[in-house]
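Asks: Have a look at this fold, sequence not included:
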(Lines give C-alpha, C1' and ligand atoms only; values in the text may rest on other atoms or scores of the structure.)
Protein backbone atom coordinates (compact mmCIF):
# COMPACT_ATOMS: atom_id res chain seq x y z
CA UNK A 1 0.00 0.00 0.00
CA UNK A 2 1.41 3.35 -1.08
CA UNK A 3 0.60 6.34 1.08
CA UNK A 4 1.19 9.82 -0.25
CA UNK A 5 3.00 12.05 2.18
CA UNK A 6 1.70 15.61 1.95
CA UNK A 7 4.35 18.22 1.32
CA UNK A 8 4.21 21.92 2.07
CA UNK A 9 3.16 24.03 -0.88
CA UNK A 10 5.81 26.45 -2.10
CA UNK A 11 4.70 30.04 -2.70
CA UNK A 12 6.06 33.03 -4.58
CA UNK A 13 5.12 36.55 -3.56
CA UNK A 14 4.40 39.30 -6.10
CA UNK A 15 3.61 42.99 -5.91
CA UNK A 16 0.90 44.10 -8.34
CA UNK A 17 -0.63 47.44 -9.19
CA UNK A 18 -4.30 47.03 -10.07
CA UNK A 19 -6.41 49.82 -11.60
CA UNK A 20 -9.12 50.85 -9.13
CA UNK A 21 -11.92 49.90 -11.53
CA UNK A 22 -10.48 46.35 -11.83
CA UNK A 23 -10.00 45.61 -8.10
CA UNK A 24 -13.36 43.87 -7.72
CA UNK A 25 -12.63 41.59 -10.71
CA UNK A 26 -9.12 40.87 -9.39
CA UNK A 27 -10.45 39.90 -5.95
CA UNK A 28 -13.02 37.54 -7.50
CA UNK A 29 -10.39 35.95 -9.73
CA UNK A 30 -7.95 35.54 -6.83
CA UNK A 31 -10.64 33.88 -4.71
CA UNK A 32 -11.52 31.44 -7.51
CA UNK A 33 -7.84 30.59 -7.99
CA UNK A 34 -7.36 29.99 -4.27
CA UNK A 35 -4.83 32.78 -3.99
CA UNK A 36 -4.39 34.87 -0.88
CA UNK A 37 -4.06 38.60 -1.42
CA UNK A 38 -3.20 41.36 0.97
CA UNK A 39 -3.51 45.07 0.31
CA UNK A 40 -0.44 46.99 1.34
CA UNK A 41 -1.22 49.78 3.77
CA UNK A 42 -0.15 53.27 2.77
CA UNK A 43 2.69 54.48 4.87
CA UNK A 44 2.19 57.79 6.58
CA UNK A 45 4.73 60.37 5.46
CA UNK A 46 7.28 61.27 8.09
CA UNK A 47 10.28 63.57 8.54
CA UNK A 48 13.32 62.99 10.67
CA UNK A 49 14.87 65.85 12.61
CA UNK A 50 18.61 65.11 12.90
CA UNK A 51 19.04 67.78 15.56
CA UNK A 52 16.69 66.07 18.01
CA UNK A 53 17.06 62.54 16.66
CA UNK A 54 13.26 62.21 16.52
CA UNK A 55 10.53 62.13 13.91
CA UNK A 56 8.08 65.00 13.61
CA UNK A 57 4.73 64.31 15.26
CA UNK A 58 1.47 63.86 13.33
CA UNK A 59 0.26 67.41 14.05
CA UNK A 60 3.42 68.97 12.63
CA UNK A 61 3.30 66.71 9.57
CA UNK A 62 -0.33 67.76 8.96
CA UNK A 63 0.67 71.46 9.01
CA UNK A 64 3.48 70.77 6.54
CA UNK A 65 1.21 68.76 4.22
CA UNK A 66 -1.53 71.41 4.41
CA UNK A 67 0.94 74.18 3.57
CA UNK A 68 2.26 72.18 0.61
CA UNK A 69 -1.34 71.95 -0.63
CA UNK A 70 -1.95 75.69 -0.10
CA UNK A 71 -4.16 75.23 2.97
CA UNK A 72 -3.86 77.50 6.00
CA UNK A 73 -1.51 79.96 4.31
CA UNK A 74 -1.97 83.38 5.88
CA UNK A 75 0.44 85.33 3.66
CA UNK A 76 -1.05 86.72 0.46
CA UNK A 77 1.57 89.27 -0.60
CA UNK A 78 4.46 89.00 -3.03
CA UNK A 79 7.74 87.23 -2.33
CA UNK A 80 9.51 90.59 -2.06
CA UNK A 81 6.99 91.82 0.50
CA UNK A 82 7.49 88.63 2.46
CA UNK A 83 11.28 89.13 2.47
CA UNK A 84 10.84 92.68 3.78
CA UNK A 85 8.42 91.45 6.44
CA UNK A 86 10.82 88.68 7.50
CA UNK A 87 13.74 91.15 7.77
CA UNK A 88 11.66 93.33 10.07
CA UNK A 89 11.25 90.49 12.58
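Replies: That came in fine, so what should we check first? Small disclaimer: the values here were computed from a predicted structure and weren't measured.

Asks: what residues are up against residue 45?
Replies: Contact partners of residue 45, counting by Cβ atoms under 8 Å, 6 or more residues apart in numbering, are 61, 65. To be clear about C-beta, it is placed using only N, CA and C from the backbone, and glycine gets the same treatment.

Asks: So residue 76: helix, strand or coil?
Replies: Three-state assignment for residue 76 (DSSP: H, G, I helix; E, B strand; the rest coil): coil.

Asks: Could you pull up phi and psi at residue 49?
Replies: phi -100, psi 110 (degrees, to the nearest 10).

Asks: so what's it bridging to?
Replies: Partner residues in beta bridges with residue 49, using DSSP bridges, are residue 54.

Asks: State the number of residues packed around it.
Replies: Neighbourhood size, residue 49 [other Cβ atoms under 10 Å]: 10.

Asks: my guess is it meets residue 56, correct?
Replies: Yes: using Cβ atoms under 8 Å, residue 49 makes contact with residue 56 at a distance of 6.3 Å.

Asks: Helices of the protein, start to end?
Replies: 23-33, 58-68, 79-88 (DSSP state H).

Asks: and residue 37, how many neighbours does it have?
Replies: Neighbours of residue 37 (other Cβ under 10 Å): 13.

Asks: per-residue confidence averaged over stretch 68-75?
Replies: For stretch 68-75, mean pLDDT is 79.

Asks: Just the terminal-to-terminal distance for it.
Replies: End-to-end distance for stretch 68-75: 14 Å, by Cα to Cα, to the nearest Å.

Asks: how far does that stretch sit from the chain's center?
Replies: 22 Å (Cα atoms, centre = their mean, to the nearest Å).

Asks: and that stretch, which residues are buried?
Replies: Judged by neighbour count (16 or more other Cβ atoms under 10 Å), stretch 68-75 contains no buried residues.

Asks: got the contact list for it?
Replies: With Cβ under 8 Å, 6+ apart as the criterion, stretch 68-75 contacts 63, 66-67, 82.
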